[in-house]
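Q: Starting from these lines, generate the structure:
(one chain, ligands or ions: 1)
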Amino acid sequence: MNNAKPLVTLAVDIGGTGLKMLCLDHEGKPLTERLRVPTPEPPTPARLLAALDKLRAQMPAFDRVSVGYPGVIKRGVVLSAANLHPRWIGFPLQAALEKRWKKPVRVANDAAVQGFGAIQGRGVEMIVTLGTGMGSALFTDGRLCPGLELGHHPWLKKTYEDYLGRRGLKKYGVKKWNKLLRKAVAQTSATFNWDHLYLGGGNTKLVTLQFRPNVTIVSNLEGLLGGVALWRDED
Ligand code: BGC
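A: Okay, here's the model as predicted:
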């Protein structure tokens, strides 16, 4: 039996529109309210980290940090920033936060973190997030296949994100956006043959479609609750 004190994880979700934070217990249950502030403009690393410092100052003590970042991350370094600032590309986010907050930090793609909070760990499960950008992550028996980035794959005449992200929603309006979403769900089913699809992200509140039982909408909180999964190998 492990008598060590259960660890508290500070979960951070960096979004193109909002920055969110809460503390989780060792099982991934919230210990605090979710705090949210608008993403600073322009969303450069310096400005964004300063905004995160302010949020962190309102949080209780924590032992480690999990971060969901809206782009490709490899070995703690940012490789893409479609909905943030180009200055993020090449930025060592994990090392920078460890230095700043003096705690161990793990960073992963935001949709992957959200997926970890939603999946059952059985079969092929996929998450698509509908927010500023369109996030995606694919899991087989609970293991992540990283770097999917479906949002930027060609679809119809553009990319999935062009139609289903914030820009698409603004351009096409809620009704057409829902129709496009129905088409996209069918396309992902044909492409990946998932057993279960989860739809997450702030814009799921605009979804008016009825789906089969193996397509479920998950709460935006999942974007943070998946944070403990990044530490599973240590628990
Ligand atoms: C990024 C993804 C991210 C998604 C949602 C996309 O533009 O390329 O990595 O998961 O937005 O934030």
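
Q: Provide a list of residues in contact with the closest residue to residue 98 other than its chain neighbours.
A: Computed as Cβ to Cβ, 6 or more residues apart in numbering, the closest residue to residue 98 that is not its neighbour in sequence is residue 105, at 4.8 Å. Bear in mind the C-beta positions are built from the backbone N, C-alpha and C, glycine included. Residue 105 sits next to 64-67, 76, 94, 97-98 when contact means Cβ atoms under 8 Å, 6 or more residues apart in numbering.

Q: where's residue 105 relative to residue 227, distance?
A: The gap separating residue 105 from residue 227 is 11 Å, by Cβ to Cβ, to the nearest Å.

Q: any shared contact partners between those two?
A: Counting by Cβ under 8 Å, 6+ apart, the residues touching both residue 105 and residue 227 are residue 66.

Q: tell me the two of the contacts of residue 105 that are most distant?
A: Farthest-apart pair in those is 64 and 76; separation 13.8 Å (Cβ to Cβ).

Q: got any residues that touch both of the two?
A: With Cβ under 8 Å, 6+ apart as the test, residue 64 and residue 76 both reach 105-106.

Q: gap between the residue in the chain that the ligand sits nearest to and residue 55?
A: Per Cβ to the nearest ligand atom, residue 133 is where the chain lies closest to the ligand, at 2.3 Å. Applying Cβ to Cβ, one obtains 21 Å for the distance of residue 133 from residue 55.

Q: sorry, back to before: out of the contacts of residue 105, the closest to residue 147 would be?
A: Nearest member of the contacts of residue 105 to residue 147, counting by Cβ to Cβ, is residue 76, at 14.6 Å.

Q: Next up, phi/psi of residue 134, please.
A: Main-chain dihedrals, residue 134, degrees, to the nearest 10: phi -110, psi 120.

Q: Oh, that last question was meant for residue 50, not what I typed.
A: Here is the backbone geometry of residue 50 (degrees, to the nearest 10): phi -60, psi -40.

Q: residue contacts, the closest residue to it other than its chain neighbours?
A: Excluding the flanking residues, the one nearest residue 50 by Cβ to Cβ, 6+ apart is residue 40, at 7.6 Å. By Cβ under 8 Å, 6+ apart, the contact set of residue 40 is 47-48, 50-51.

Q: Tell me which helix or strand residue 40 sits in.
A: In this assignment (DSSP states H and E), residue 40 forms part of neither any helix nor any strand.

Q: How about residue 51?
A: helix 45-56.

Q: after that helix comes which helix or strand?
A: strand 64-69.

Q: That following strand and the ligand, are they touching?
A: No - using Cβ under 6 Å from any ligand atom, strand 64-69 never reaches the ligand; the gap is at least 7.7 Å.
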